[in-house]
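[1] Whatever this is, show me its structure:
(one chain, ligands or ions: 2)
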Amino acid sequence: MKELWTSLASLMGVYAFCQTLLQTLLPPELRFAFLKLFARLFNSFSSHCYYDITEIDGVNTNELYNAAQLYLSSSADSISTPSSSSPDTRRLSLTRAVNSSAVTFGLSNNDRLVDVFNGVRVHWEHVVTPRQTQTFSWRPLPEEKRGFTLKIKKQDNPPSILDAYLDHIMERANEIRRKNQDRFLYTNSRGGSLDSRGHPWESVPFKHPSTFDTLAMDPAKKEEIKADLTDFANGQSFYQNTGRAWKRGYLLYGPPGTGKSSMIAAMANFLCYDIYDLELTEVHNNSDLRKLLMKTSSKSIIVIEDIDCSINLTNRKKSSNSPARNHHEGLSASAAMAAAAAGDQEGGNSITLSGLLNFTDGLWSCCGSERIFVFTTNHIEKLDPALLRSGRMDMHVFMSYCSFPALKILLKNYLGFEEGDLSEEVLGGLEGVVEEAQMTPADISEVLIKNRRDKRKAVDELLETLKRKAERRSESGGGVMRERGSEEVVVEDEEQEKRALESPKLGGGDDVVQESCEKGEKDDNGKPN
Ligand SMILES: Nc1ncnc2c1ncn2[C@@H]1O[C@H](COP(=O)(O)OP(=O)(O)OP(=O)(O)O)[C@@H](O)[C@H]1O
Ligand SMILES: [Mg+2]
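    Ligands and ions are numbered 1, 2, ... in the order given. From the prediction side, this is the model:
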């Protein structure tokens, strides 16, 4: 050990001597040329290629430096776990960006990391040196010069992998940035007026805690939706190759309180997308609708809730008292849309069904990309068939009353009961009545929340409530029960209700829509013939 220190000290002595000699003997210009020559000599003998990625490129911030920092932070994440295979890095720098609630790990000063890309091992070093002279700049430069040195073995033919590797880094960095950034919920509640930056949407940070884990629904259906979303998000080349606009439509339908809005929040959290909650009653005409669409960003979910009653012309009367509007008063929304689509609109000063369909499906719908449209309704039977035809809304999802598998998820969410915590007897009791009772997850959640301090009591009370509801349903001949306040209303024709809810293609329920379709006043796109 002593010998090692002695030889290290003498080596440093020689280095210092050479440096002093160089500085005293050679003028600065020659010294620079000498160092350049030395570097070239070193490079030609070296078995590696070196690439420097500096933080500041001239006076501009180097995008690649920031991307590399983020990209390597994701590798650094993994090395902070005990199972790490790369023990090189022991110190990590932590950063938290503006608009982000997540902390990212980064390589600390002069730290190293090994990454593997397409089977090639590449070496990274974060090089930080003090900035010596402050050169003139319009903006103050940091006191330290920071950069990454990327080292790749010559035998791995660095030029052949470099482009693909840098693209991969940029892509991953964008993904991490999006995941770490807070998401936003946008709304057009300002009535279409623009803000100081010419933006028609207002936004608030989106913090809804709903996820697919907390969503109570049939697990197989849940997995199917998750797989569909994942395919969509990873499907850039598929959409490109098939010539389809990179967008997807979901229609969520079912009784109130079955989790349609919760599902939208879960989708946004799953994909890390922003949500644009489009309030159709605030949009004056088709052209405003198009402008709103153009101002949405990619990787977003555009939502129209309660599509069957979104365009309520009695509400729209507030903004205009035109005779055309008054003429439509009292009609349901889709009836009004159908009438408008049939040419019964004056001066184009209203949203028409064809305008809405163009919004989701027409040429304008593909300005920007990677967008999901979600419509929700409690009354699918009231929707115009043009909205339901295949290809328009790619997936129709029926959100049903609480099933037994969904109930188990609620018991876990609200009371912390895992599989096996409840006796077979209790579970059997719940399973026996839950389908028959036809309670929504929202109603069941209420019972569980109310009694959550006493888990056993919560389960007992739930069982009682389910039994009571099931009994009342069988007494009433199996009608579908609906609650209006405390009053229970039984819809007598269960078959009709079920058919309406389960068939994605059923029209009916709205005379004007049906009539206009039967008369062939609209084509398949809902446009006037
Ligand atoms: N499937 C579900 N899984 C978990 N929680 C649910 C589910 N359905 C409803 N809930 C609970 O009930 C509340 C209401 O649900 P949500 O707003 O998602 O229902 P909805 O179907 O959108 O109702 P509406 O048709 O009235 O808009 C939510 O806050 C949620 O906690
Ligand atoms: Mg809702």
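
[2] do the helix or strand encompassing residue 449 and ligand 1 meet at all?
    Assigned by DSSP states H and E, residue 449 belongs to helix 441-450. Yes - judged by CB under 6 Å from any ligand atom, helix 441-450 comes into contact with ligand 1 at 441-442, 445. Just so you know, the C-beta spots here come from the backbone N, C-alpha and C atoms, and that holds for glycine as well.

[3] for stretch 198-210, same thing?
    No - contact between stretch 198-210 and ligand 1 is absent, the nearest approach being 7.2 Å (criterion: CB under 6 Å from any ligand atom).

[4] May I see the buried residues of that stretch?
    Neighbour-count burial for stretch 198-210, counted by 16 or more other CB atoms under 10 Å, picks out 200-201, 206, 210.

[5] Touching it from outside, list them.
    Stretch 198-210 has contacts (CB atoms under 8 Å, 6 or more residues apart in numbering) with 182-190, 192-195, 262-263, 265-266, 268-269, 274-276, 288, 291-292, 295-296.

[6] So residue 386 is in contact with residue 356, correct?
    No - applying CB atoms under 8 Å, one finds residue 386 not in contact with residue 356, separated by 9.5 Å.

[7] Residues of the stretch 401-529 of the chain that sit close to ligand 1?
    441-442, 445.

[8] What's the PyMOL line that selects buried ones from these?
    Restricted to buried positions by 16+ other CB under 10 Å, the PyMOL selection for these reads:
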select buried, resi 441+445
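
[9] And residue 386 and residue 356? Which one has more around it.
    residue 356 (28 against 24; other CB atoms under 10 Å).

[10] which parts of the chain sit against ligand 1?
    214-217, 256-262, 378, 399, 441-442, 445.

[11] gap between residue 213 and residue 387?
    31 Å (CB to CB, to the nearest Å).

[12] Beta-bridge partners for residue 247, please?
    residue 371 (DSSP bridges).

[13] pretty sure it contacts residue 359?
    No - under the criterion of CB under 8 Å, residue 247 is not in contact with residue 359, lying 11.1 Å apart.

[14] before we move on, back to that, please narrow the buried residues of stretch 198-210 to those residing in strands.
    residue 206 (DSSP state E).

[15] now the buried residues of stretch 198-210 as JSON lines including pLDDT?
    Converted to JSON lines, the buried residues of stretch 198-210 look like this (pLDDT from 0 to 100):
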{"residue": "200", "pLDDT": "85"}
{"residue": "201", "pLDDT": "91"}
{"residue": "206", "pLDDT": "91"}
{"residue": "210", "pLDDT": "95"}
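
[16] Can you pick out the most distant pair from the buried residues of stretch 198-210?
    Using CB to CB, the pair of those lying farthest apart is 200 and 210, separated by 26.7 Å.

[17] could you measure whichever residue of the chain sits closest to ligand 2 against residue 391, distance?
    Residue nearest to ligand 2 within the chain: residue 261 (3.3 Å; CB to the ion). From residue 261 across to residue 391, the span is 25 Å (CB to CB).

[18] can you check residue 447 too?
    On the measure of CB to CB, residue 447 and residue 391 end up 41 Å apart.

[19] These two: who's more crowded?
    residue 447 (20 against 8).

[20] gap between the more buried one and residue 230?
    34 Å.

[21] burial count for residue 24?
    Count around residue 24 with other CB under 10 Å applied: 7.

[22] what distance separates the start and the end of stretch 377-391?
    18 Å (CA to CA, to the nearest Å).

[23] Now that stretch: buried residues?
    So for stretch 377-391, counting by 16+ other CB under 10 Å, buried means 377-388.

[24] Please list the residues of the stretch 201-350 of the chain that sit near ligand 2.
    Within the stretch 201-350 of the chain, the positions near ligand 2 by CB under 5 Å from the ion are 260-261.

[25] Which residue does the stretch 201-350 of the chain have closest to ligand 1?
    residue 259 (2.7 Å; CB to the nearest ligand atom).

[26] these two touch, right, that residue and residue 444?
    No - the pair residue 259 / residue 444 is not scored as a contact, 11.1 Å apart, by CB under 8 Å.

[27] right, and the residue of the chain closest to ligand 2 touches residue 376 too?
    Yes - using CB under 8 Å, residue 261 is in contact with residue 376, at 7.1 Å.

[28] Which of those two has more residues huddled nearby?
    Neighbours around residue 261 and residue 376, counted as other CB under 10 Å, are more numerous at residue 376. The numbers are 22 against 19.

[29] Report the two of the buried residues of stretch 377-391 separated the most.
    378 and 386 (19.5 Å).

[30] how about the strands in the stretch 151-300 of the chain?
    In the stretch 151-300 of the chain, the strands defined using DSSP state E, counting those that start in this stretch lie at 183-187, 202-206, 247-253, 274-277, 300-304.

[31] same question, the stretch 401-529 of the chain
    Counting by DSSP E, counting those that start in this stretch, the strands of the stretch 401-529 of the chain are 480-484, 487-491.

[32] which stretch in those has the least confidence?
    The minimum mean pLDDT among those belongs to strand 487-491 (a mean of 36).

[33] what's near enough to touch the nearest residue in space to residue 156 that is not next to it in sequence?
    Nearest residue to residue 156, sequence neighbours excluded (CB to CB, 6 or more residues apart in numbering): residue 120, at 4.6 Å. Under the criterion of CB under 8 Å, 6+ apart, the neighbours of residue 120 are 152-153, 156, 161.

[34] close enough to count as contact, residue 151 and residue 48?
    Yes - using CB under 8 Å, residue 151 is in contact with residue 48, at 4.8 Å.

[35] Fine, thanks again, bye for now.
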